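>>> Sequence plus the predicted model coming up.
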Amino acid sequence: METTGRGRPRIQDAADDIVAAVLATAGARVSTPDFSTRRIAELTGLSQTLVSRACRRIRRARPDAAGAGDDVPAGDDVAAGDPGALVLAEVHVRFPQIWLHFTPVAAPPGTQAAATSQSTAARRRATALMASLHASEAARWRIRDAGDAASAEAEPFVPGPLSACWDAHDPDWEQFLDRTAGLLSRCAPTVDAIPGDLLDLLARRAGRGLHGTQWRRGLPKSAHISDSSSEDVAPPADLERSPRNRWFSQVELSVTEQIAIALRREITNSGFRAGDRLSPNVLGDRLGLSRSTVRSAMSRLVDDGLLDSDQGSFRVPAVTVADVVDLYAARLHLGMVLLRACAVQPRHQMLPVRLALGAVEAAATQGTRSDAGLADLQFQQELAEASGLSQSARAFHALTLRVRMFIAVLRLDYSPAVERIVSDDRRILTAVLAGDAEAAVRSWRLKLDNAVRHMSALAPESFDAELWSRLSR
């Protein structure tokens, strides 16, 4: 079997990364049976043995604890009434530092039995937190030179006996993980030791290296820095960006794409209509970018058909039925190619797609009227990325940017269609996972047929059914 320089099988290292991605994005749901080793094995296509071993390695359990628990190994757990029992009190991730602080807790009398019944869920939560650190790839943070060090200065955290600290200036990542795992093993065996709101926050930021996470026990959720917007741009400083984890989204945002996102928000929030003028100066001030940079990016958006230009000024584009039909016909046929490629990929390659489907389902039940549509587009892009066809995926991404602009201009409301969106996406992914490419393509055709008719209904012209039928054959 092929091994790494440390003598570990490469297949296990890959399994560790895959399982860490699943647990890091599970949030508070990690405590449920949906995240048992058996269910994770079914989700990823890995063997249950590989999954169990990955959980132990992520949790950094002792070899003699390998048989403890049914899902996630126990560390040096202490009783909830032990004065030495801990709970997690604070978590901060701010380049170039990560800091976790624990505090002692004494359980009220009579809670021992209840705590024991929660021990499995508590171990899963501890492993999910370690998985978030594993998936963050902070071990690769580097201070490259004196200039970088000056720009990355942060107020140092004061280490204490109940703290675990990591600093890229003096890196010892393995020691930090050992320290964190040791403190987690002393936590009270109750779900409150690692609260669900923290796990949900980490899950939302998992694909971005946990950057900007600040959490403190007892604070309201609104006080935590969280990834509340599905279109937030990436951190501006290169040093704050860890290498892309291959099991998360692979779509990078260029400056031009970030400005396109800001433009869509401007159009939506300010009530602009087709033909209204857009100011590079205003956008530059809001994004913290120079006016020349914004103007150059907006000129590129004109070239891509996302903006109109008239004598040096920029305007909201008009969207015709022909534009909608043209765009969706291109996405239809390119999507068919991508789905056929996805159907022959190994199951674990579909992990980001599975996670994206979860986001669609969550948006459908908990999000705003636009969240479901945006989550659906991200699901589609994850399918494109999972296909292994980099050129086609890039072309599909460009078409998706145009769809998002159309959504903003036409002010689409997806709330009446959320159940159909979820149903379509489930059918597509089920067919892909079964290797049934043609079933996936049929579901994709139906999905886009519904979408083009929905979008065209809001265009200023009547829908050209004959044109759509001719292009979508």
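Looks like it arrived, so ask away.
>>> Helices of the stretch 301-450 of the chain, start to end?
321-342, 351-366, 371-386, 390-410, 418-433, 437-456 (DSSP state H, counting those that start in this stretch).
>>> quick one: the closest residue to residue 424 other than its chain neighbours from residue 342, how far?
Closest residue to residue 424 apart from its sequence neighbours, by Cβ to Cβ, 6 or more residues apart in numbering: residue 447 at 4.1 Å. Backbone N, C-alpha and C define where each C-beta goes, glycine included. In this view, residue 447 and residue 342 are 15 Å apart by Cβ to Cβ, to the nearest Å.
>>> Compare the two (neighbour count), which wins?
It is residue 342, of residue 447 and residue 342, that has more neighbours when counted by other Cβ atoms under 10 Å, with 28 against 21.
>>> Could you tell me what pLDDT the model assigned to that one?
pLDDT recorded at residue 342 is 95.
>>> Could you report the separation of it from residue 473?
22 Å.
>>> of the helices of the stretch 301-450 of the chain, which approaches residue 311 most closely?
helix 390-410 (21.3 Å; Cβ to Cβ).
>>> Could you check how far that closest one is from the centre of its chain?
19 Å (Cα atoms, centre = their mean, to the nearest Å).
>>> can I get the CA coordinates of it in CSV?
Below are the C-alpha coordinates for helix 390-410, written out as CSV (Å, rounded to 0.1, in the frame of the first residue of the first chain):
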residue,chain,number,x,y,z
SER,A,390,-12.2,22.0,-15.2
GLN,A,391,-12.8,23.8,-18.4
SER,A,392,-16.5,23.0,-18.5
ALA,A,393,-16.8,23.8,-14.8
ARG,A,394,-15.2,27.2,-15.4
ALA,A,395,-17.6,27.9,-18.3
PHE,A,396,-20.6,26.9,-16.1
HIS,A,397,-19.4,29.3,-13.4
ALA,A,398,-19.4,32.2,-15.8
LEU,A,399,-23.0,31.3,-16.8
THR,A,400,-24.0,31.2,-13.2
LEU,A,401,-22.7,34.7,-12.6
ARG,A,402,-25.0,35.8,-15.4
VAL,A,403,-27.9,34.0,-13.9
ARG,A,404,-27.4,35.8,-10.6
MET,A,405,-27.4,39.1,-12.3
PHE,A,406,-30.7,38.2,-14.1
ILE,A,407,-32.2,37.3,-10.7
ALA,A,408,-31.3,40.7,-9.3
VAL,A,409,-32.6,42.6,-12.3
LEU,A,410,-35.8,40.7,-12.5
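>>> Now do the buried residues in it.
Neighbour-count burial for helix 390-410 flags 392-393, 395-397, 399-410 (criterion: 16 or more other Cβ atoms under 10 Å).
>>> Look at the nearest residue to residue 259 once chain neighbours are set aside and report its pLDDT.
Nearest residue to residue 259 in three dimensions, chain neighbours excluded: residue 297, at 4.4 Å (Cβ to Cβ, 6+ apart). If you check residue 297, the pLDDT there is 80.
>>> what's the angle from the helix or strand containing residue 297 to helix 390-410?
According to DSSP states H and E, residue 297 maps onto helix 291-303. For helix 291-303 against helix 390-410, the angle by axes from the mean of the first three to the mean of the last three Cα atoms, to 10 degrees is 100 degrees.
>>> Distance from helix 291-303 to the middle of the chain?
Distance, stretch centre to chain centre, for helix 291-303: 28 Å (Cα atoms, centre = their mean).
>>> Against which helices or strands is that helix packed?
In this structure, helix 291-303 packs against helix 255-270, helix 280-287, strand 308-310, with contacts taken as 3 or more Cβ pairs under 8 Å, 6 or more residues apart in numbering; DSSP states H and E.
>>> Return the set of buried residues in it.
Neighbour counts over helix 291-303 (16+ other Cβ under 10 Å) mark 293, 294, 295, 297, 298, 299, 300, 301 as buried.
>>> What's the separation between the last one and residue 406?
In this case it means residue 301. In terms of Cβ to Cβ, residue 301 sits 13 Å off from residue 406.
>>> on that earlier part again, want to throw the helices of the stretch 301-450 of the chain into TSV with distance to residue 186?
Below are those laid out as TSV (distance: least, Cβ to Cβ, whole Å):
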stretch	distance to residue 186
helix 321-342	44
helix 351-366	31
helix 371-386	38
helix 390-410	45
helix 418-433	40
helix 437-456	48
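>>> do you know which of those lies nearest residue 202?
Short answer: helix 351-366, nearest of the helices of the stretch 301-450 of the chain by Cβ to Cβ, at 13.8 Å.
>>> The closest one: which residues count as buried?
Buried positions in helix 351-366, judged by neighbour count with 16+ other Cβ under 10 Å: 351-361, 363-364.
>>> residues in contact with the nearest residue to residue 446 once chain neighbours are set aside?
Of all residues not flanking residue 446 in the chain, residue 424 sits nearest, at 6.9 Å (Cβ to Cβ, 6+ apart). By Cβ atoms under 8 Å, 6 or more residues apart in numbering, the contact set of residue 424 is 443, 446, 447, 450.
>>> Spatially, what comes nearest to the last one if we skip its sequence neighbours?
Leaving out its chain neighbours, the residue that sits closest to residue 450 by Cβ to Cβ, 6+ apart is residue 420, at 6.4 Å.
>>> wait, that neighbour sits on residue 453?
No. In this structure, residue 420 is not within contact of residue 453 by Cβ atoms under 8 Å, at 11.7 Å.
>>> sorry, back to before: let me have the contacts of residue 424 in TSV, extended by pLDDT and distance to residue 288.
Shown next, in TSV, are those (pLDDT from 0 to 100; distance: Cβ to Cβ, whole Å):
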residue	pLDDT	distance to residue 288
443	96	42
446	92	43
447	91	38
450	83	39
